[in-house]
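Asker: Generate coordinates for the sequence data below:
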Amino acid sequence: MLNFISFLIFVFTFNCVSIAMEKKPYHHLFDGTFRNPEGSPERSDTVKFSYREFLKEKKKIDMTVPEDHIVSKKRVLEDLEEFKKDNYIGWIGHATFLIKLGNTTIITDPVFSKNAGPLIFGPKRFTEPALKLSEIPKTDVFLLTHNHYDHQDATTIRRFPFKDTKVIVPLKLGKYFTRFKDVNEMDWYDEIKVNEDLKITFLPAVHWSKRSLTDTNKTLWGNFLIEYKNKKILFACDTGYGNIYKSLGEKYGPIDLSMINIGAYDFRPMFEKSIYHTTPEEALEIARDLKSKKVLGTHWGTFVLSLEPIMEPPIRFKKNAENYGFKKEDAIIFKIGEFRKLDDLMN
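Answerer: Got it, this is the predicted structure:
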């Protein structure tokens, strides 16, 4: 009798767990962690990262930065003043952009520290931010795609001058913004209407999260779709290529401008490439899947996070544009500190 009761308890518990799992979205795991969209590439067990090997290979990289990669501070400040009544996009460095849409200014993944890591550790910048944190214009929306140190910068968050900014982050990252007044955590496909003209939707990406030895994938990651009036801009989280982008293109495309990472992909001789960072060609493939009209390369030219030459990403990006159905001029590369009017970018 006791065995029979134990069996019934087991069956009941198993069924309850099964029902709970069925109600959870695919990317939510039972242990509270997250995973990539169904059908995404998975990291091979044979991939072995060696920090010692990485540092040895990193020393071989030519760190010569072309003068024309960076806009002078004088010009940056002049452009900010000139464009203050216009819609624009400006590159501060790495994945940090200012996007002005009407009376709303958005900042993406702001990193103004000298290194991407805890305290004094982690990769150091080889190019300075186009503006100091104290020089950025008043921002209204702070977008954070995920918690890696080259995107979520604790010092920048602590010193951010506009604590009334609307903060929009993935699930379980709100705890880092205790000093801010308006913090919003989002799951994939959640929407926030910022104002009458501006809506932001959080979408899946092929990536991961980790900030310490014990928190792998305990917070979510993702892309932001920014809809302003009749225009759509996709700001990508760090992402690898995955089938999810065909689905997103069907549901949300065409996209007027996709901003996609094109750097931090090559880890030879340890392994060929990262499945979590697109090559320039894969970025173009994602843009094509999203039915993008134009695509802007991001996430390069600031930190050495992998082993490709520092100026290789934009060259490959431009060179291969036509192979993915884009005109060369529609595969857009900014200089650090460059600002362009949105109308000029979209036309």
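Asker: Can you say which helix or strand has I89 in it?
Answerer: strand 88-93 (DSSP states H and E).
Asker: Could you check the angle the helix or strand following that strand makes with strand 88-93?
Answerer: The helix or strand immediately downstream of strand 88-93 is strand 96-101, counting by DSSP H and E. Relative orientation of strand 96-101 versus strand 88-93 (axes from the mean of the first three to the mean of the last three C-alpha atoms, to 10 degrees): 170 degrees.
Asker: CA atoms only: put strand 96-101 into CSV for me.
Answerer: Output in CSV follows, covering the C-alpha atoms of strand 96-101 (Å, rounded to 0.1, in the frame of the first residue of the first chain):
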residue,chain,number,x,y,z
THR,A,96,27.1,52.5,-27.7
PHE,A,97,25.0,54.6,-30.0
LEU,A,98,22.9,57.7,-29.5
ILE,A,99,19.6,57.5,-31.5
LYS,A,100,17.5,60.6,-31.5
LEU,A,101,13.9,60.2,-32.7
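Asker: what residues are up against the residue nearest the centre of the chain?
Answerer: Central residue of the chain (C-alpha atoms, centre = their mean): C237, 2.2 Å from the mean position. Residues in contact with C237 (C-beta atoms under 8 Å, 6 or more residues apart in numbering) are T145, H146, H151, A205, H207, W221, G222, N223, F224. No exception for glycine: its C-beta is placed from N, CA and C like everyone else's.
Asker: before we move on, what SS does the fourth one have?
Answerer: Read that as A205. coil (DSSP: H, G, I helix; E, B strand; the rest coil).
Asker: these two touch, right, it and L225?
Answerer: No. Judged on C-beta atoms under 8 Å, A205 makes no contact with L225 at a distance of 11.4 Å.
Asker: Looking at these two, which is more packed in?
Answerer: Set A205 next to L225 and count neighbours by other C-beta atoms under 10 Å: A205 wins out with 30 against 21.
Asker: Contact partners for the more buried one?
Answerer: T145, H146, W221, G222, N223, A236, C237, D238, T239.
Asker: So which of the residues you listed sits lowest on pLDDT?
Answerer: Ranked by pLDDT, the contacts of A205 bottom out at C237, which scores 92.
Asker: That one should be in a strand, yeah?
Answerer: No. In this structure, C237 is coil, not part of a strand, as judged by three-state DSSP.
Asker: one step back: show me just the buried residues among the contacts of C237.
Answerer: T145, H146, H151, A205, H207, W221, G222, N223, F224 (16 or more other C-beta atoms under 10 Å).
Asker: quick check, nearest of those residues to M186?
Answerer: G222 (7.6 Å; C-beta to C-beta).
Asker: Might you report the residue contacts of the closest one?
Answerer: Here G222 is in contact with T145, H146, P170, M186, W188, F202, L203, P204, A205, C237 (C-beta under 8 Å, 6+ apart).
Asker: among the buried ones among the contacts of C237, which are in strands?
Answerer: Among those, DSSP state E puts N223, F224 in strands.
Asker: Please identify which pair of the buried ones among the contacts of C237 lies farthest apart.
Answerer: H207 and F224 (13.3 Å).
Asker: Low-confidence regions, the stretch 1-150 of the chain specifically.
Answerer: In the prediction, the stretch 1-150 of the chain carries residues with pLDDT under 70 at positions 1-22.
Asker: hang on, the earlier thing: contacts for the strand holding I89 next, please.
Answerer: Contacts for strand 88-93 (C-beta under 8 Å, 6+ apart): 76, 79-80, 97-100, 110-112, 125, 127-131, 136, 296, 298, 301-302, 334-342, 345.
Asker: what does stretch 166-178 give?
Answerer: Contacts of stretch 166-178 (C-beta under 8 Å, 6+ apart): 34, 140-147, 152, 154, 157, 180, 182-187, 192, 194, 200, 202, 209, 218-222, 224.
Asker: Between the two ends of that stretch, what distance do you get?
Answerer: Its first and final residues considered, stretch 166-178 spans 13 Å by C-alpha to C-alpha, to the nearest Å.
Asker: Which positions within that stretch qualify as buried?
Answerer: K166, V167, I168, V169, P170, L171, K172, L173, G174, Y176, F177.
Asker: Also stretch 236-253?
Answerer: Result for stretch 236-253 [16+ other C-beta under 10 Å]: buried residues 236-242, 244-245, 247-249, 252-253.
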